[in-house]
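Asker: Just to be clear, the model below is a prediction. Sequence and coordinates:
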Amino acid sequence: MSYQVLARKWRPQFFEDLVGQEHVSQTLINAITADRVHHAFLFTGARGVGKTSAARIFAKALNCQEGPTTQPCGVCPSCLEITKGQGIDVLEIDGASNTGVDDIRELRENIRYLPSQSRYKIFIIDEVHMLSINAFNALLKTLEEPPAHAKFIFATTEPHKIPITILSRCQRFDFKKIGLVPLQARLRYIADQENIQIEDSGLTIIARSGGGSMRDALSTLDQVISFCGDRISDEELQSLLGLVSRSLLLAAIRAVLQRDAAQLLALVQKVDEHGHSFRQFCQQLVELVRALVVVKVVGQPGDLIDVGESELQEIKSLAEPAALEDLQRLLAILVRTEADLAISNYPRLTMEMVLVKLAGLPRGVEVATLIKRLEDLEKKLSPGLATAPVRKEPPVESVVAPPPADIPLAEEPPLDQSIAVSAAGSGDKDWAGLVDFVRNRRKPRISSLLEQSSVLLLELPRLRIGMPEMYFSLADGEMRQEIQILAAEYFAVEVKVEVEKVGNGEKAPLSLHAERAQQESDRKKKLRENAVEHPLVKSALNIFGGQIEDVKPIDKGFV
């Protein structure tokens, strides 16, 4: 007799054999007991969780010679034919291979005929979402008005691809992924029946590799038996599956939480020596840290994490001293690292540097704690701030003192035009006004040059300008002529402009640009001094142990 794989040999034959799908089994049993069996069913869920097996069990329960019954006998001709997949009245159709409308038309013709020897003619269509739109439309009429002797069971992993008109005519059952504990228990039963010696920790590894799928877990067990024989050790199992040992993963997380960077580098070396994939290692770390977060939040996680009882206690001991914020940061960084490792040319270096970084991260502080500290600080400082005097600069006012009564006012001599203009040049019309006038006339090149220059003499009609050496070459004859025309227009008199070169070492009045830069520097200096001396800032620095990096004004009127 040819070898039969474990997934087929130990396929569920009764409702109680459906591991992890008790909600489906109980509903179908109740429907049979109450004689309220619908004509169309839709079984949805991930691969290998028992959809097709449940369809066969349900078909046996309906067509068994002892039934309809919730406990099919398994020995009558109908039960035996369905078990072997050779039932005349129970047709299993692969939706991926029979996608056309012609296939559905043939099925409709077949439906018209009564079952040959069974109670119902049952059509099990696997991967029903693969049918074409025309095929679904051809099937729709039959689902609306089915014959009394016909039952439909559809199975799919992608129910969202099925038209809503089909979905609305079916009773839907969602199959869940199988939890680690029931999956491990089923694997233990099968291993004992097959005389396979394997530790519970090894079965946990196989169950976790199945990802909630019984078929995938049994396929992995088949592979392990072929490699290891009747005696399976954890080391051989991990080597075959390319997994990092659970103890090494726990040691890595423990070293991160204890900030032991040296231990982390040694663990990475072990991962490399065993030939494990660093991306796989990082993925396993992500799963483990997620388990720590879940335990920290829930306490008793139940089915939220797939771990055995002994490992759960280790995870709890790791999670207890750790802060939730630290674990969340750790998880976020590892998730990003897993994506980086997929394209990294230096996976070991990437993994080492990330783990060293994690070991050196400062401990996080809850936002709520920081806010409370600030609130307490405000309460302590508010009385002092309310009574503290606020320094204000006195307003600068122009005060003209009257002359003494015993001194007669001298009569001012009449001014000629040139003297009057000279007085205006040093009064309401000055060098800064001239620069603004040039800028407003949209002469940016000239105004920029004048801003960088100094006024050496302003006694109209003479205007002597000191120009830095680096700009002196720009003041050619044409430029000087244009400056002279603009100055004459501004001062309303003829102006003779003279330009002198001013070296770096020569003493000259500050240019308008230099004056503004100096004022801004003095303003920033004063602003920083005021900020440093502020009692609230001082207290904040003492509480948080920080330092002032920069001071930015929030009041544009600050001087």
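Answerer: Arrived safely, thanks for sending.
Asker: Only C-alpha atoms from now on, for both contacts and neighbour counts.
Answerer: Noted.
Asker: Three-state assignment for the closest residue in space to Leu330 that isn't next to it in sequence, please.
Answerer: Closest residue in space to Leu330, ignoring its immediate chain neighbours: Leu358 at 6.9 Å, by Cα to Cα, 6 or more residues apart in numbering. Of the three states, Leu358 takes helix under DSSP: H, G, I helix; E, B strand; the rest coil.
Asker: buried set for the helix or strand where Cys79 lies?
Answerer: Applying DSSP states H and E as the criterion places Cys79 in helix 77-84. Judged by neighbour count (16 or more other Cα atoms under 10 Å), helix 77-84 contains these buried residues: Ser78, Cys79, Leu80, Glu81, Ile82, Thr83.
Asker: contacting residues for the fourth one?
Answerer: Looking back up the chat, that one is Glu81. Gly87, Ile88 (Cα atoms under 8 Å, 6 or more residues apart in numbering).
Asker: ok so, going back, what is the neighbour count of the residue nearest to Leu330?
Answerer: 22 (other Cα atoms under 10 Å).
Asker: and stretch 305-321, which residues are buried?
Answerer: Buried residues in stretch 305-321 (16+ other Cα under 10 Å): Ile305, Asp306, Val307, Leu312, Ile315, Lys316, Leu318, Ala319.
Asker: Now do the contacts for Val438.
Answerer: Pro444, Ile446, Ser447, Leu486.
Asker: With pLDDT added, can I get those in a markdown table?
Answerer: Shown next, in a markdown table, are the contacts of Val438 (pLDDT from 0 to 100):
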| residue | pLDDT |
| --- | --- |
| Pro444 | 80 |
| Ile446 | 84 |
| Ser447 | 82 |
| Leu486 | 87 |
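Asker: Please flag which of those sit within helices.
Answerer: In helices, judged by DSSP state H, the following of these are found: Pro444, Ile446, Ser447, Leu486.
Asker: Got a quick PyMOL command for the buried subset of those?
Answerer: Buried members of those, defined by 16+ other Cα under 10 Å, are picked up in PyMOL with:
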select buried, resi 446+447+486
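Asker: coming back round to it: Ala207: which of the buried residues of stretch 305-321 is nearest?
Answerer: For Ala207, the nearest member of the buried residues of stretch 305-321 is Asp306. The distance, counting by Cα to Cα, is 9.0 Å.
Asker: Surely that closest one touches Gly179?
Answerer: Yes. With contact defined as Cα atoms under 8 Å, Asp306 counts as touching Gly179 (6.8 Å).
Asker: circling back: dump the helix holding Cys79 to PDB, keeping only the CA atoms.
Answerer: Provided in PDB are the C-alpha atoms of helix 77-84 (Å, rounded to 0.1, in the frame of the first residue of the first chain):
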ATOM      1  CA  PRO A  77     -21.800   2.900   1.600                       C
ATOM      2  CA  SER A  78     -22.600   6.600   1.500                       C
ATOM      3  CA  CYS A  79     -20.200   7.500   4.300                       C
ATOM      4  CA  LEU A  80     -17.400   5.300   2.900                       C
ATOM      5  CA  GLU A  81     -17.800   6.900  -0.600                       C
ATOM      6  CA  ILE A  82     -17.700  10.400   0.800                       C
ATOM      7  CA  THR A  83     -14.700   9.600   2.900                       C
ATOM      8  CA  LYS A  84     -12.800   8.300  -0.200                       C
END
